[in-house]
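In: have a look at this fold, sequence not included:
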């Protein structure tokens with residue numbers, strides 16, 4: 001059968017959902033690995049990443065079941081959810097790519113002030129103290145702070161060096177996956193409206 005028919009569309013949709021399953025398992029595995037080895041101490045960050053992975057896994061599972069069984073209801077809900085995810089992800093990706101330096105610094109500072117566990121992770125990993133200034137009378141998880149004569153740089157100075165690159169990377173990855181999602185919506189719509197050649201010719205789709 002030529003590509004574009006029932007079998008080809010079904011196989012393409014199954015392959016796309018298998019890719020989503022692998023990505024979701026990768027997200028869950030990386031989050032669990034980071035927590036297990038102490039790379040990330042913030043439970044909130046780990047929980048968010050694992051939740052995103054589980055959500056993506058469930059969506060991909062629904063799409064895979066709908067594709068294998070040609071189930072109209074599952075395919076319909078899969079198509080709606082995938083389109084909603086596309087709109088959200090496309091908007092966030094464009095925002096990441098459009099942020100200027102002042103907006104980046106503001107968002108970094110807001111994120112910094114929201115979680116002490118994240119602050120400790122950043123200080124320990126980047127060997128820095130504080131966001132915009134170093135408080136030598138307070139506490140810091142960085143190794144430079146524990147020396148006999150501590151001399152640490154602020155974390156904002158280090159983070160801002162990589163913030164633009166990270167945002168461009170995240171925005172680019174998000175845009176790539178958003179286009180795979182709109183491809184999935186198109187394939188699902190096409191697949192739902194294609195009659196199974198092996199079914200009864202007089203039956204409904």
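Out: Arrived safely, thanks for sending. Just so you know, these numbers come straight off a predicted model, no measurement behind them.
In: who's in contact with the spatially most central residue of the chain?
Out: Taking Cα atoms, centre = their mean, the centroid of the chain lies closest to residue 52, which sits 6.7 Å from it. Residues in contact with residue 52 (Cβ atoms under 8 Å, 6 or more residues apart in numbering) are residue 27. For glycine as for every other residue, the C-beta is placed from the backbone atoms N, C-alpha and C.
In: tell me the mean pLDDT over the helix or strand it falls within?
Out: Here residue 52, judged by DSSP states H and E, is contained in helix 43-69. The pLDDT scores in helix 43-69 average 86.
In: what about the helix or strand that that helix is followed by, distance to the chain center?
Out: Moving toward the C-terminus from helix 43-69, the next helix or strand (DSSP H and E) is helix 72-98. Relative to its chain's centre, helix 72-98 lies at 12 Å (Cα atoms, centre = their mean, to the nearest Å).
In: what about stretch 60-77, start to end distance?
Out: 12 Å (Cα to Cα, to the nearest Å).
In: I would like the residues contacting it, please.
Out: Outside stretch 60-77, the residues that reach it (Cβ under 8 Å, 6+ apart) are 10, 13-14, 16-18, 20-21, 24, 78, 81-82, 184, 188, 191-192, 196, 205.
In: for stretch 158-175, same thing?
Out: 89-90, 92-97, 99, 101, 104-105, 108, 122, 126, 128.
In: low-confidence ranges, the chain, go.
Out: 1-4, 34-45, 148, 150, 198-205 (pLDDT under 70).
In: where exactly do the strands run in it?
Out: For the chain, no strands are identified by DSSP state E.
In: nearest residue to residue 49 in space, please, no chain neighbours.
Out: Of all residues not flanking residue 49 in the chain, residue 31 sits nearest, at 3.9 Å (Cβ to Cβ, 6 or more residues apart in numbering).
In: number of residues surrounding the one you found?
Out: 20 (other Cβ atoms under 10 Å).
In: surely it meets residue 50?
Out: Yes. Counting by Cβ atoms under 8 Å, residue 50 is a contact partner of residue 31 at 4.9 Å.
In: hmm, back to that, farthest-apart pair in the contacts of stretch 158-175, please.
Out: 90 and 128 (33.9 Å; Cβ to Cβ).
In: these two - which one has more neighbours?
Out: Shown here are residue 90 and residue 128; by other Cβ under 10 Å, residue 128 has more neighbours (23 against 17).
In: next up, phi/psi of that one, please.
Out: phi -140, psi 170 (degrees, to the nearest 10).
In: what sits against the nearest residue to it once chain neighbours are set aside?
Out: Nearest residue to residue 128, sequence neighbours excluded (Cβ to Cβ, 6+ apart): residue 155, at 4.1 Å. Listed by Cβ under 8 Å, 6+ apart, the contact set of residue 155 reads 112, 119, 122, 123, 126, 128, 129, 130, 131.
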